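In: Show me how the following folds:
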Amino acid sequence: MERYCSKCGKLTKEKNDSLFVCEVGHENWINPAIGAAVFIIKENKVLYGVRAQDPNRGSLDLPGGFVEVNETAEQAAIREAKEELGVDVILEGIIGTCTGNYQGRPSLDIVFVGRLVSAHIEAADDLKGGDPIWRDLDDLPYADEVADVWFPQAQKDLLGWLRR
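Out: Numbering: from 1, shown residues only. Below you'll find the model as predicted:
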């Protein structure tokens, strides 16, 4: 894909995965968008929503999304849980970070674990593609059931985090 300079409009050349430079020498950095997602835990089960749209419509997904300006990753994870599943959560820790790609945009997702504090679950926004489901910790979804390629590793990291 051709990239053009954001300052002068001239064609750029790739210096590395993150840097494109035009003939004038303007640097155009391609940095990942920061996202936050949360594994919601209750009684040894994890809550998943169902994607309502592409990419990966119909697959299981965690509540999550991009961190907004002037918002921390923690605030974004809590907000996304409320927006997409209608639930309130208390974050208990960070599982780790995962790199991804959302519709051609590189991303870095910060993955949290949270405890459910509200009883009413209502799918909305990106996760209104079906009824949310609980999966036992010993029966987490396989790679072909989930929305993102980083989920299987994140699920392993979740199990390790819970065993600590």
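
In: May I see the buried residues of stretch 82-98?
Out: Neighbour counts over stretch 82-98 (16 or more other C-beta atoms under 10 Å) mark 82, 84-87, 89, 91, 94-96, 98 as buried. C-beta here means a position set from N, CA and C on the backbone, and glycine is covered the same way.

In: typo on my end, stretch 7-15
Out: Within stretch 7-15, the residues that count as buried by 16+ other C-beta under 10 Å are residue 12.

In: tell me how far the ends of that stretch are from each other?
Out: 17 Å (C-alpha to C-alpha, to the nearest Å).

In: that older thread, which members of the buried residues of stretch 82-98 are the farthest-apart pair?
Out: Greatest spacing in these, by C-beta to C-beta: 86 and 96 (26.2 Å).

In: what about dumping the CA coordinates of the host helix or strand of residue 157 to PDB?
Out: Taking DSSP states H and E as the definition, one finds residue 157 inside helix 151-163. The C-alpha trace of helix 151-163 is given here as PDB (Å, rounded to 0.1, in the frame of the first residue of the first chain):
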ATOM      1  CA  PHE A 151      -6.900 -14.600  22.600                       C
ATOM      2  CA  PRO A 152      -5.500 -18.100  23.100                       C
ATOM      3  CA  GLN A 153      -2.300 -16.800  24.600                       C
ATOM      4  CA  ALA A 154      -4.200 -14.200  26.700                       C
ATOM      5  CA  GLN A 155      -6.400 -17.000  28.000                       C
ATOM      6  CA  LYS A 156      -3.300 -19.000  29.000                       C
ATOM      7  CA  ASP A 157      -1.900 -15.900  30.700                       C
ATOM      8  CA  LEU A 158      -5.200 -15.500  32.500                       C
ATOM      9  CA  LEU A 159      -5.100 -19.000  33.900                       C
ATOM     10  CA  GLY A 160      -1.500 -18.400  35.000                       C
ATOM     11  CA  TRP A 161      -2.500 -15.200  36.700                       C
ATOM     12  CA  LEU A 162      -5.400 -16.800  38.500                       C
ATOM     13  CA  ARG A 163      -3.100 -19.600  39.800                       C
END
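
In: Please work out which residues outside that helix touch it.
Out: Residues from elsewhere that reach helix 151-163 (C-beta atoms under 8 Å, 6 or more residues apart in numbering): 39, 41, 46, 62, 93, 95-96, 98, 111, 113, 137, 140-143, 146.

In: Many thanks, have a good one.
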